[in-house]
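Asks: sequence unknown, structure follows:
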């Protein structure tokens, strides 16, 4: 059974930083590109970042709206992926999902940016 | 960047009716490997998105055959035949050929 569990969300003050973690099991993690997708309250889905697998030299890509403030990384030995977000703003408030890109999704972790 | 234009934004249908949702891409979604990475997802209320269809028309395991996908290049359609109460939620198209881009969503309500 595929399992994806995001952790690390919470309440953060504007300007703060957060590191989100995503632990996976039940599929061959090393074969997959991994993504973070977010959803602001009452809004649609927005792709945030992608990290490719070893075959693609772990190349990373970011949404233009967040570039410079986010860093995606992965640890294949732990089947885990991470998202570091800095200089947080109110508009970064969202559920952050870890996903293979379409097939497998976690339940999400809520990030709230507020003073 | 790829833009996915999804319509309509909402639908209200009676049980047993059929509906279609359109998704148009600003670029061809045919990848260098000749596959077309166009997916359809359903986000039921309070839940994470769940993929229903991948590569335009392939149903995920356990997805009823009331769901069907069609299209090519830049123009795609999701059809739901004989809508059931469990189908309510927000449907998204998602392209995976050029990184990821989501459509804006279609909210399906049951009359």
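Replies: The structure has been received and is ready for your questions. Quick caveat: nothing in here was measured; it's all calculated off a predicted structure.

Asks: how much space between the residue nearest in space to the middle of chain A and chain B?
Replies: Note on chain A: the residue nearest the mean C-alpha position is residue A:36, at 3.2 Å, using C-alpha atoms, centre = their mean. When distance is defined by C-beta to the nearest C-beta, to the nearest Å, residue A:36 is 10 Å away from chain B. C-beta coordinates here come from the backbone N, C-alpha and C atoms, glycine included.

Asks: I'd guessed that residue sits against residue A:83; true?
Replies: Yes. Using C-beta atoms under 8 Å, residue A:36 is in contact with residue A:83, at 4.8 Å.

Asks: tell me, what's touching the two both at once?
Replies: A:20, A:22, A:48-49, A:70, A:72, A:96 (C-beta atoms under 8 Å, 6 or more residues apart in numbering or on different chains).

Asks: Near residue B:24, how many residues? Count them for me, please.
Replies: For residue B:24, the count of nearby residues is 17 (other C-beta atoms under 10 Å in any protein chain shown).

Asks: With adjacent residues omitted, what lies nearest to the residue nearest the centre of chain B?
Replies: Centroid-nearest residue in chain B, with C-alpha atoms, centre = their mean: residue B:40, separated by 3.1 Å. Distances taken as C-beta to C-beta, 6 or more residues apart in numbering or on different chains place residue B:53 nearest to residue B:40, at 4.2 Å, with adjacent residues excluded.

Asks: What residues sit buried inside stretch A:79-96?
Replies: A:79-83, A:85, A:88, A:92-96 (16 or more other C-beta atoms under 10 Å in any protein chain shown).
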